[in-house]
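Undergrad: What follows is a protein structure lacking sequence information:
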């Protein structure tokens, strides 16, 4: 489960924002993930296809801010992340493509 929310855009697409625990291999804390998709179900499917199987959106407690919406709309993949607000992060942290987070989790630990 994850805290988050969504925003429906005028063209019918949605931006989904989720606060997720950071994968263990990538460090501690949590990350804020933004996904741009045709609908909420497709947004969650995009994350599940990346291996984040237990991702659900219940309610709309933490919808994306206008700045977050702008960031994800201007990214070619429409799927970005950064350290979640309030979690030892500086406010000036830039958004990262999801590949950067997944790459960190794919590196073998202990080799």
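TA: Structure received. Because the structure is predicted, anything quoted here is derived from the model rather than measured.

Undergrad: ok, for residue 6, nearest residue in space, not its chain neighbours?
TA: Distance criterion CB to CB, 6 or more residues apart in numbering; nearest residue to residue 6, sequence neighbours excluded, is residue 16 at 4.6 Å. (Each C-beta comes from the backbone N, C-alpha and C, glycine too.)

Undergrad: Same question for residue 99.
TA: Nearest in space to residue 99, with sequence neighbours left out and distances taken as CB to CB, 6+ apart, is residue 77 at 7.9 Å.

Undergrad: My read is that the one you found contacts residue 98, right?
TA: Yes: with contact defined as CB atoms under 8 Å, residue 77 counts as touching residue 98 (6.7 Å).

Undergrad: Now the spatially most central residue of the chain: which helix or strand?
TA: The structure's the chain has its C-alpha centroid closest to residue 33; by CA atoms, centre = their mean the separation is 1.1 Å. For residue 33, the host element (DSSP states H and E) is strand 30-37.

Undergrad: mind listing what that strand pairs with, with the direction of each?
TA: Here strand 30-37 has these sheet partners by DSSP bridges: strand 14-21 (antiparallel), strand 79-83 (antiparallel).

Undergrad: Please tell me how far that strand is from the chain's geometric centre.
TA: Centre-to-centre, strand 30-37 and its host chain are 2 Å apart (CA atoms, centre = their mean, to the nearest Å).

Undergrad: Buried residues in the helix or strand following it, which are they?
TA: The helix or strand immediately downstream of strand 30-37 is helix 40-49, counting by DSSP H and E. Going by neighbour count (16 or more other CB atoms under 10 Å), the buried part of helix 40-49 is 43-44, 46-47.

Undergrad: counting contacts, what elements does helix 40-49 pack onto?
TA: Using 3 or more CB pairs under 8 Å, 6 or more residues apart in numbering; DSSP states H and E, the elements in contact with helix 40-49 are strand 14-21, strand 30-37.

Undergrad: sorry, back to before: can you pull the contacts of the residue nearest to residue 6?
TA: Residues in contact with residue 16 (CB atoms under 8 Å, 6 or more residues apart in numbering) are 4-6, 34-35, 37, 40, 43-44, 57, 64.
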